[in-house]
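Asks: The following block contains a protein sequence and its predicted model.
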Amino acid sequence: MRLLLLGGTEFVGRAVAEAALERGWEVTVFHRGTHAAPSGARVLHGDRTAEGGLAALAEGEWDAVVDTWSAAPSVVRDSARLLADRVGRYAYVSSRSVYAYPSPAGADESAPLVEGSPDDGERPYPESKRGGELAVLDAFGDRALLIRAGLIVGRYENIGRLPWWLNRIARGGPVLAPGPRELGVQFIDVRDLAEWTLDAVAAGLGGPYDLVGPRGHSTMGELLEACAAVTGSDAELRWTAPEAIAAAGIEPWIPLPFWVPPGELYDTVHGADVSKALAAGLRCRPAAETVADTWAWLRSIGGVAPHRGDRPTVGLDPELEAKALAG
């Protein structure tokens with residue numbers, strides 16, 4: 001297979017590129033050149049947001065392209081139109097954020113969607129991803145694969161969710177553990193997303209697929225206890241009820257990565273029905289394996305994970321955590 005990665009040097013794109021190279025595929029990485037491309041990939045440089053920035057893609061044919069763009073949909077539109085006659089399939093890594101809020105527990109690919117346009121400039125994240133989907137559909141039709149990912153974690157994570165929990169628990173001492181302990185959480189190891197994506201384009205799949213671990217795959221307890229085990233920490237996980245967390249003025253999600261209390265937001269974030277992807281071969285490794293491998297990677301780069309400048313900094317302020325624990 002001849003694979004073109006639009007990006008391919010940071011998180012999701014890098015995982016896809018590495019997985020394709022391991023399969024012996026011919027991989028071309030098109031990027032701005034601010035990060036090193038995976039060893040073995042052919043490299044093309046260009047800035048998709050600049051006039052003439054796609055010039056390096058004016059020639060060439062590929063069996064598939066994988067695109068992880070998450071900003072202006074018009075950028076996806078221009079790439080898709082340029083490649084439509086020279087690429088077999090276009091896999092766009094979208095997001096479950098394209099579903100209209102709130103999504104009920106058990107929602108699947110048939111749930112209502114937000115509005116979007118392939119011609120939009122910068123828009124809020126859900127509308128940008130939906131516009132990107134429409135851009136790919138306009139250019140590729142049934143050759144478009146829409147990968148509506150949930151929470152993605154693992155090696156190279158540049159959002160900081162799992163790295164924050166690992167570093168916080170590694171520091172030890174009392175840790176505010178948002179409960180209930182048995183609360184299920186849905187996420188996917190970036191390597192599992194990458195392998196499924198490659199299998200899907202090789203099989204000629206098209207249309208939308210929700211891609212995240214199945215409901216019940218892991219819990220907050222399993223996740224944080226795995227962090228404690230792999231770091232060898234003496235941390236004391238103090239499981240705290242959602243009501244007490246709210247009373248302490250702590251918001252869900254960004255201050256406490258992965259976690260949202262039971263309710264409307266929880267059903268939207270952690271209630272996806274991924275039966276379609278499972279039927280199409282999705283396999284998710286145990287949470288403990290993802291945690292262990294992420295910790296090994298984090299240690300290998302000095303403990304400080306990279307961070308995308310267009311995303312908020314995650315994690316709980318130490319003073320607020322201490323105040324809540326003293327509660």
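Replies: That came through fine.

Asks: I'd assumed Y125 was in contact with S97.
Replies: Yes: contact status for S97 versus Y125: in contact at 5.7 Å, counting by Cβ atoms under 8 Å. C-betas here are computed from N, CA, C, even on glycine.

Asks: These two: which is more packed in?
Replies: Shown here are S97 and Y125; by other Cβ atoms under 10 Å, S97 has more neighbours (21 against 15).

Asks: Please, where are all the strands along the stretch 51-200 of the chain?
Replies: Secondary structure of the stretch 51-200 of the chain by DSSP state E, counting those that start in this stretch: the strands cover 62-67, 87-95, 144-149, 152-153, 174-178, 184-185, 188-189.

Asks: Walk me through the domains of the chain.
Replies: Following automatic domain parsing, one gets these domains for the chain: 2-149, 158-186+214-271+285-326.

Asks: Which one, of the strands of the stretch 51-200 of the chain, ends up nearest to E26?
Replies: strand 62-67 (8.5 Å; Cβ to Cβ).

Asks: For that closest one, name the packing helices and strands.
Replies: Packing contacts for strand 62-67, counted by 3 or more Cβ pairs under 8 Å, 6 or more residues apart in numbering; DSSP states H and E, involve strand 2-6, helix 73-83, strand 87-95, helix 190-203.

Asks: what about 7 Å?
Replies: Counting by 3 or more Cβ pairs under 7 Å, 6 or more residues apart in numbering; DSSP states H and E, the packing neighbours recorded for strand 62-67 are strand 2-6, helix 73-83, strand 87-95.

Asks: Pull up the pairing partners for the first one, direction included.
Replies: As defined by DSSP bridges, the strand partners of strand 2-6 come to strand 26-31 (parallel), strand 62-67 (parallel).

Asks: Could you save these as JSON lines and add columns showing distance to A292, mean neighbour count and mean pLDDT?
Replies: Formatted as JSON lines, those follow (distance: least, Cβ to Cβ, whole Å; neighbours: other Cβ atoms under 10 Å; pLDDT from 0 to 100):
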{"stretch": "strand 26-31", "distance to A292": "27", "mean neighbour count": "22", "mean pLDDT": "98"}
{"stretch": "strand 62-67", "distance to A292": "27", "mean neighbour count": "24", "mean pLDDT": "98"}
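
Asks: can I get the ones you listed in a markdown table with distance to A177?
Replies: Formatted as a markdown table, these follow (distance: least, Cβ to Cβ, whole Å):
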| stretch | distance to A177 |
| --- | --- |
| strand 26-31 | 39 |
| strand 62-67 | 36 |
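
Asks: Low-confidence ranges, the stretch 51-200 of the chain, go.
Replies: Scanning the stretch 51-200 of the chain for pLDDT under 70 picks out no residues.

Asks: hey, where'd the helices end up in the stretch 101-250 of the chain?
Replies: 125-140, 161-171, 190-203, 220-231, 242-247 (DSSP state H, counting those that start in this stretch).

Asks: Could you export these as JSON lines, including distance to I254?
Replies: Below are the helices of the stretch 101-250 of the chain laid out as JSON lines (distance: least, Cβ to Cβ, whole Å):
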{"stretch": "helix 125-140", "distance to I254": "14"}
{"stretch": "helix 161-171", "distance to I254": "9"}
{"stretch": "helix 190-203", "distance to I254": "20"}
{"stretch": "helix 220-231", "distance to I254": "16"}
{"stretch": "helix 242-247", "distance to I254": "13"}
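
Asks: Just say which of these is most tucked in.
Replies: helix 125-140 (a mean of 24; mean count of other Cβ atoms under 10 Å).

Asks: Please enumerate residues in contact with stretch 71-86?
Replies: The contact list for stretch 71-86 (Cβ atoms under 7 Å, 6 or more residues apart in numbering) reads 6, 48-49, 54, 57, 60-61, 65, 67, 69, 90, 92, 116-122, 128, 131-132, 135-136, 139-140.
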